[in-house]
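Undergrad: Fold the following for me, if possible:
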Amino acid sequence: MTMTSTTTSTASEAAQHFAAKLRFETDPSDVRAAQVAGERFVLIDSRGEAAWRQGRIAGAVHLPTADIAERAAGLVPRDQPVVVYCWGPGCNGSTRAALAFSLLGYQVRELIGGFEYWAREGLPVEDDNGPVTRSADPLTAPVDSISCAC
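TA: The predicted model follows:
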C-alpha cells in the first residue's frame, strides 16, 4: 500500500466517511461511560443461546439476530436507541443485527470489538451464575482508567 492513492478521494469524502462511522459505531469504553451516566439505550446481545449462557455484558438483553425481525418490537420501543454486539472483531454478527434493527426503523449503533473487547477491557460481565470478574488486558485498555483518552 502506498500513501498516495490512484483514486481521487478528497479530504471532504474522508471526513464524511469517518463521521458516518462514528454515527453508526461505538466502542466498549463509550458504551460503559453511557451506562454509568444513565443514558437511555438498549444493549442487545445478538449471539445464540449457548454464547449468552457462557457470558454476556451485564445489563444486556438477549435477542439473537435471527429473532430480531419477529421479536424486536415486543422488547424494544422504537424510540429507544439500540447498541448491538456479537462475539468480536472476527464476527460480523453485530453488523447483521444492526442491519436488522435499522430495517425496522431503529436508531442503532454497532459495538466494535463486541463481547471480546468488552471482557478484555475488564468491563462488567455476567453469566447465569452472576457477575464474572476479569482484569483489564493491558493490550486493549488502560488498566486503571475507564477511558484511553483517544
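Undergrad: show me where the chain has strands.
TA: Ranges of strands within the chain are 25-26, 42-45, 56-57, 61-62, 82-85, 108-111, 125-127, 130-132, based on DSSP state E.
Undergrad: What is the last one packed up against?
TA: Going back to what we said before, that points to strand 130-132. strand 125-127 (3 or more C-beta pairs under 8 Å, 6 or more residues apart in numbering; DSSP states H and E). Placement of C-beta: from N, CA and C, glycine included.
Undergrad: run the last query once more with 7 Å
TA: In terms of contacts (3 or more C-beta pairs under 7 Å, 6 or more residues apart in numbering; DSSP states H and E), strand 130-132 is not packed against any helix or strand.
Undergrad: chain center to it: distance?
TA: For strand 130-132, the separation from the chain centroid amounts to 20 Å (computed by C-alpha atoms, centre = their mean, to the nearest Å).
Undergrad: Val143 - how many residues pack around it?
TA: 11 (other C-beta atoms under 10 Å).
Undergrad: Tell me how far the residue lying closest to it once chain neighbours are set aside lies from Asp144.
TA: Excluding the flanking residues, the one nearest Val143 by C-beta to C-beta, 6 or more residues apart in numbering is Ala136, at 4.7 Å. Distance, Ala136 to Asp144, using C-beta to C-beta, to the nearest Å: 8 Å.
Undergrad: what about those two, which has more around it?
TA: Between Ala136 and Asp144, Ala136 has the larger neighbour count (other C-beta under 10 Å), namely 17 against 6.
Undergrad: OK, contacts around the spatially most central residue of the chain?
TA: Geometric centre of the chain, nearest residue: Leu111, 1.5 Å, by C-alpha atoms, centre = their mean. Shown in contact with Leu111 (C-beta atoms under 7 Å, 6 or more residues apart in numbering): Thr26, Pro28, Val31, Val83, Val84, Tyr85, Ser94.
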